[in-house]
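K.L.:
Task: produce atomic coordinates for the following.
(4 chains)
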There are 2 protein chains.
Amino acid sequence: MAELPVTLRDVARRSGVHPATASRALNPATRMLVSEETAARVLAAAAALGYRPNTVARSLRTRRSHTIGVLIPDLTNPLFPPIVRGLEDRLAADGYVALIGNTDADDDREQMVFELMRARHVDGFVLATATTHNRVLAEAAEAGLLVVLVNRLSEEFSFPSVSVDNDRGIRLAVSYLAGLGHRRIAHVAGPQDTSTGRDRLHGFERALADAGLAASPALITHAAAFAIEEGYRCTRELLGAGNGADGPVCTAIAAGNDMLAIGCYTALEEAGLRCPEDVSVIGFNDMPFIDRLRPLSTIAFPHYQVGTEAAQLLLERLAGDERPVRSLHLAPELVVRGSTAPPRPGG
Amino acid sequence: MAELPVTLRDVARRSGVHPATASRALNPATRMLVSEETAARVLAAAAALGYRPNTVARSLRTRRSHTIGVLIPDLTNPLFPPIVRGLEDRLAADGYVALIGNTDADDDREQMVFELMRARHVDGFVLATATTHNRVLAEAAEAGLLVVLVNRLSEEFSFPSVSVDNDRGIRLAVSYLAGLGHRRIAHVAGPQDTSTGRDRLHGFERALADAGLAASPALITHAAAFAIEEGYRCTRELLGAGNGADGPVCTAIAAGNDMLAIGCYTALEEAGLRCPEDVSVIGFNDMPFIDRLRPLSTIAFPHYQVGTEAAQLLLERLAGDERPVRSLHLAPELVVRGSTAPPRPGG
DNA sequence: TTGTAGGCGTTATCAC
DNA sequence: GTGATAACGCCTACAA
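P.N.:
Okay, here's the model as predicted:
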């Protein structure tokens, strides 16, 4: 029952040539070195025997595994599946496969998964987990590994990257809210050890200034993670701080991402505040299913394309592209749904 | 900058032993064959040099890649990420990694991804894509590959599997609806070329009979895929058929899964019917985020555990377990949310 | 155009 | 307990 594996020798034997010749005939890149009829004979023999090249042996010899390591925080965060699909689809088109590892934003776990992949001699990495001082990034840089950053930038190392223009995105959000008439706009900032969290916070502050609005520490809270519970906690903090004389401290919240925005809802409800009547909420990412969840206004970007572009960048370098490192910034777009409205007249 | 790779020979040289001895010392399983002090010396040398074994070479020699191929329909279906995480977490604990492939329920694509993985000599497969007459399943069986089915069963081949007890699940749904007083209960059946779709349909029919309710072809529609649009289409069909004298043809719908249930909502809304006042809806799977989407009553099962159990089954066989093939059926549970209510008095 | 030979890094099987 | 040797399946100078 268990099939005996067909090797190159078997194909060679059956077609009456040396294994080396068979190898050349089978490899499209070297097929030209072989006479047409020999090539045809070898190909026929291979097909007849059901030959399937042993990638492991090939990898050992060529030092190419045609495998890419992908590190993401957590696959169950709906933001990542479309990105991963983009990656895999583009990679598969070139015969590459992806090894996915979840890090749960835990350094030790990240290190462990990274090692697991290095041991498998992946040809490159896609990292969606980069934090400011990241051991994996440092090791990858030192070892000269091929890396493409996704959704993250590194100031320390110069890696190619694909991300959304966070500054522009958060500006879209803030100027939209300001245009509605909001003057007390709060921000639930993402983790400041990620470029994403930092860029959006700084963008927020600049956008406020540009809109002629005052920045106040009371209007900014810091989430420890891009997680629903943190959005909830931060919004409570926000509301608790200044929920004084004339209503809540803010009339609008720009959340660091959609997960945080979901947390905002719960806290607002708990405080007896309605959205958008009392407080407007805008998210970031337009993650899948968020539109069916609540009518959340948010900043959208093409998730799937982030994946395909990252794969593209990687494949180009794998193909020997030596051009200077490129960083792609995909354009975000404002998506208005039902979570935003002008502030109450009395506000 | 690019580090020169440290090999076993380097470690052997530095510790003054033969590579074979170094190999024995480094491998916990064969370490006992070596004197303690030699082992210590080798280990120290390895650490000092930053030796990292070449898994590719090891795989070629041992014919074990410590890699598992995972085929799923589509990672962006929220049902799968937690399952995949369960798989990866359990596999990683034993030093295995997973290759994920999306098939989009397309046979050619499935075949292609399957080949990509076979070529990489994965040690086993987890298949969540099995359909009734499945080429991949047949090839895997013929080649004697290690396979564990997830969320699917095969009548044709005897593979170990992990799935939810669909029959019991749909019975829970139907008896709950019947208990609420519903007598005209419809079913949006999933694709009948999947065991999941079939088992739930048959379970539905039996459950109806057990509840003393009449089965009618008009109350059953067939979705071509577990997709929102198909749920929408089928529900329209349902409503269009018998939306005659006294209201809609049914007062409750048991959907084949949550995605189909989401589609039901849209069709009901369009028809001016409210849920649950006019028509109750119950789903299946309790997929992530569904609880935040709409208050959908549904049948829950432990997604993550499906993954860990599947990995466990695979690892056991990889470890040489020869016990007869096991099929795990995880117990489903009824989750009541706001999409179900007694039928209208006038119904 | 084809054959020869050697080696990628590791481990299994001998022998000592 | 350790060393020597060969082989896993493939590719690629080099030679013919």
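K.L.:
Distance from the chain centre to the one helix or strand in chain A whose mean pLDDT sits lowest, please.
P.N.:
Least confident helix or strand of chain A, by mean pLDDT, DSSP states H and E, is helix A:290-293 with a mean of 83. Its chain's C-alpha centre and that of helix A:290-293 lie 20 Å apart, by Cα atoms, centre = their mean, to the nearest Å.
K.L.:
Is A:Pro343 in a helix, a strand, or coil?
P.N.:
coil (DSSP: H, G, I helix; E, B strand; the rest coil).
K.L.:
mean confidence for whichever helix or strand comes after the least confident helix or strand of chain A?
P.N.:
Using DSSP states H and E, the helix or strand that follows helix A:290-293 towards the C-terminus is strand A:298-300. The average pLDDT for strand A:298-300 rounds to 97.
K.L.:
How about stretch A:74-91?
P.N.:
Taken as a whole, stretch A:74-91 has an average pLDDT of 96.
K.L.:
list the buried ones in that stretch?
P.N.:
Of all the residues in stretch A:74-91, those buried under the rule 16 or more other Cβ atoms under 10 Å in any protein chain shown are A:74-91. Bear in mind the C-beta positions are built from the backbone N, C-alpha and C, glycine included.
K.L.:
wait, what's in contact with the residue nearest to A:Asp107 when sequence neighbours are not counted?
P.N.:
Sequence neighbours aside, A:Arg135 is the residue nearest to A:Asp107 in space, at 6.6 Å (criterion: Cβ to Cβ, 6 or more residues apart in numbering or on different chains). Going by Cβ atoms under 8 Å, 6 or more residues apart in numbering or on different chains, A:Arg135 touches A:Asp107, A:Glu110, A:Gln111.
K.L.:
Below-threshold pLDDT in the stretch 151-300 of chain A: ranges please.
P.N.:
For the stretch 151-300 of chain A, applying pLDDT under 70 flags the ranges A:241-247.
K.L.:
Tell me the residue of it that sits nearest DNA strand D?
P.N.:
Nearest residue of the stretch 151-300 of chain A to DNA strand D, counting by Cβ to the nearest atom of the strand: A:Pro160, 25.7 Å away.
K.L.:
overlap between the buried residues of stretch A:74-91 and the residues near chain B?
P.N.:
For chain B, the contacts drawn from the buried residues of stretch A:74-91 by Cβ under 8 Å from any Cβ of the partner chain are A:Asp74, A:Leu75, A:Thr76, A:Pro78, A:Phe80, A:Pro81, A:Pro82, A:Val84, A:Arg85, A:Glu88, A:Asp89.
K.L.:
just checking, the fifth one touches A:Leu71?
P.N.:
No. Shown here, A:Phe80 and A:Leu71 do not form a contact pair, counting by Cβ atoms under 8 Å, at 10.8 Å.
K.L.:
list residues touching both of those two?
P.N.:
Common neighbours of A:Phe80 and A:Leu71, using Cβ under 8 Å, 6+ apart, are A:Ala128.
K.L.:
and A:Arg171, what does it touch?
P.N.:
Counting by Cβ under 8 Å, 6+ apart, A:Arg171 touches A:Gly203, A:Arg206, A:Ala207, A:Asp210.
K.L.:
helix/strand/coil for the residue in the stretch 201-347 of chain A positioned nearest to DNA strand D?
P.N.:
Closest to DNA strand D within the stretch 201-347 of chain A is A:Gly320: 13.5 Å, counting by Cβ to the nearest atom of the strand. Of the three states, A:Gly320 takes coil according to three-state DSSP.
K.L.:
gap between it and A:Arg64?
P.N.:
Distance, A:Gly320 to A:Arg64, by Cβ to Cβ, to the nearest Å: 12 Å.
K.L.:
More neighbours: which of the two?
P.N.:
For A:Gly320 versus A:Arg64, neighbours defined as other Cβ atoms under 10 Å in any protein chain shown are more numerous around A:Arg64 (15 against 6).
K.L.:
which residue sits closest to that one, ignoring its sequence neighbours?
P.N.:
Looking at A:Arg64 with Cβ to Cβ, 6+ apart, the closest residue is A:Asp123, at 5.9 Å.
K.L.:
For burial, what's the neighbour tally of that neighbour?
P.N.:
A:Asp123: 19 surrounding residues under other Cβ under 10 Å.
K.L.:
so what's it up against?
P.N.:
Contacts of A:Asp123 (Cβ under 8 Å, 6+ apart): A:Arg64, A:Ser65, A:His66, A:Thr67, A:Ile68, A:Tyr96, A:Leu146, A:Leu318.
K.L.:
give me every residue that touches A:Leu293.
P.N.:
Residues near A:Leu293 by Cβ under 8 Å, 6+ apart: A:Ile262, B:Phe289, B:Arg292, B:Leu293.
K.L.:
A:Asp286 is in contact with A:Phe301, isn't it?
P.N.:
Yes. Using Cβ under 8 Å, A:Asp286 is in contact with A:Phe301, at 7.2 Å.
K.L.:
More neighbours: those two, which one.
P.N.:
A count of neighbours by other Cβ under 10 Å puts A:Asp286 above the other of A:Asp286 and A:Phe301, at 23 against 20.
K.L.:
who touches that one in this structure?
P.N.:
With contacts taken as Cβ under 8 Å, 6+ apart, A:Asp286 has the following neighbours: A:Asp258, A:Thr298, A:Ile299, A:Ala300, A:Phe301, A:Val335.
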